[in-house]
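**Student:** The amino acid sequence is not available; the structure is as follows:
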């Protein structure tokens, strides 16, 4: 059913839950994991600083390399993991990468923010769900959420076809 699963990671310990879920799916379907980390250097553009821009970009790229290497470490030997560190707007890059490398599924963590937090911080996962050309499985990470509360949202143009599916 799945040949290639895209796993965007932020390198957080909480996000490893989504990575582990993707690894389980890859193992069950004999699929390849495509782990990516997106460097969003634009979010630092408004800071008043005299630090060399290259230094910041290099530090963010190094952080990304560590994050995708962690995905490789978590995967058992029988699961193939491809890694890539990319730059740009995270949601746009994730959607673009899913199409470019013919992924069948995107598995990503979400903090499940609502209300003002969501308004202020936005939701990369929500933007990916709404615009991805393939199904997106979001795994709730962090917070006080129940241990297993994954939402499966079928990505369809215009958000049609979305549905929450509880996972046991």
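**Tutor:** In hand now; what should we look at? Remember, predicted model here, so these are calculated numbers, not experimental data.

**Student:** and the host helix or strand of residue 106, how far out from the chain's middle?
**Tutor:** Using DSSP states H and E, residue 106 sits in strand 105-110. The chain centre lies 5 Å from the centre of strand 105-110; the measure is Cα atoms, centre = their mean, to the nearest Å.

**Student:** Describe which strands that strand pairs with in its sheet and in which direction.
**Tutor:** When sheet partners are counted by DSSP bridges, strand 105-110 sits next to strand 4-8 (parallel), strand 136-140 (parallel).

**Student:** quick one: average confidence on that strand?
**Tutor:** Confidence for strand 105-110, expressed as mean pLDDT, is 94.

**Student:** which residues sit against it?
**Tutor:** For strand 105-110, contacts defined as Cβ atoms under 8 Å, 6 or more residues apart in numbering pick out 2, 5-10, 12, 14-15, 17-18, 21-22, 25, 94, 98, 123-126, 128, 132, 134-141, 151, 155. All C-beta spots, glycine's among them, are computed from the backbone N, C-alpha and C.

**Student:** so where do the helices sit in the chain?
**Tutor:** Secondary structure of the chain (DSSP state H): helices located at 16-29, 53-74, 90-100, 115-121, 124-131.

**Student:** Show me where the protein dips below the pLDDT cut-off.
**Tutor:** Where the chain drops to pLDDT under 70, the residues are 43-54, 112-122, 143-168.

**Student:** Let's see that with 90 instead.
**Tutor:** 1, 14, 40-60, 110-126, 140-168 (pLDDT under 90).

**Student:** hmm, back to that, just put the strands paired with strand 105-110 in CSV and tack on distance to residue 56 and mean neighbour count.
**Tutor:** Listed next are the strands paired with strand 105-110 as CSV, based on distance: least, Cβ to Cβ, whole Å; neighbours: other Cβ atoms under 10 Å:
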stretch, distance to residue 56, mean neighbour count
strand 4-8, 21, 26
strand 136-140, 29, 23
